[in-house]
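Participant: below is the sequence, then the predicted model.
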Amino acid sequence: MHILLIIEGPAFFDADQEEDLQYDYRKNEGIIISLNGEYRDDNFNDTFARGGLSAQIGDRTDKYHSIKTEYLIFSDDELQAQTALQYQGLGYEFTNRSDNQLLEFKVGSAVLFGEDDVIPEGLISLGIFYDSTYTSI
């Protein structure tokens, strides 16, 4: 049995290029527009579909903001007699990354409005990142 320990990956770029790729190019990307969606169907006859559009602004190596619009459809064939509940709304998310890029803290909220009710949502997240893989051609 052999154990291979990789301390440092292959050097594809010199130090200046690596610095540019890790910080300068990420920092200066500008506004990012994203489209997302998900769909779920389970064995309890519940169907859930969600989609949205978001815009992200700020310095992605430090602090940035996301503003999003969402659309949600939920149906429960047992309880709602095959009627779909539809919601739409707006949300905001703030992200703060540590100086060494190993920690990411997020906090956000959204409010979705339906025909007869409102769904408030909240988010608190802490992400931990570390180097673990290398890509080669």
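Facilitator: Received it, and whenever you're ready, just let me know what you need.

Participant: helix or strand with the lowest mean pLDDT in the protein?
Facilitator: Among the helices and strands of the chain, helix 25-27 carries the lowest confidence by mean pLDDT, DSSP states H and E, at a mean of 60.

Participant: next SSE after that helix?
Facilitator: Once helix 25-27 ends, the next helix or strand along the chain (criterion: DSSP states H and E) is strand 32-41.

Participant: for that following strand, what is the distance to the chain centroid?
Facilitator: 10 Å (CA atoms, centre = their mean, to the nearest Å).

Participant: sheet partners, orientation included, of whichever helix or strand comes after it?
Facilitator: Note on strand 32-41: by DSSP H and E, the next helix or strand toward the C-terminus is strand 46-58. Strand 46-58 has its sheet partners listed here by DSSP bridges as strand 32-41 (antiparallel), strand 63-76 (antiparallel).
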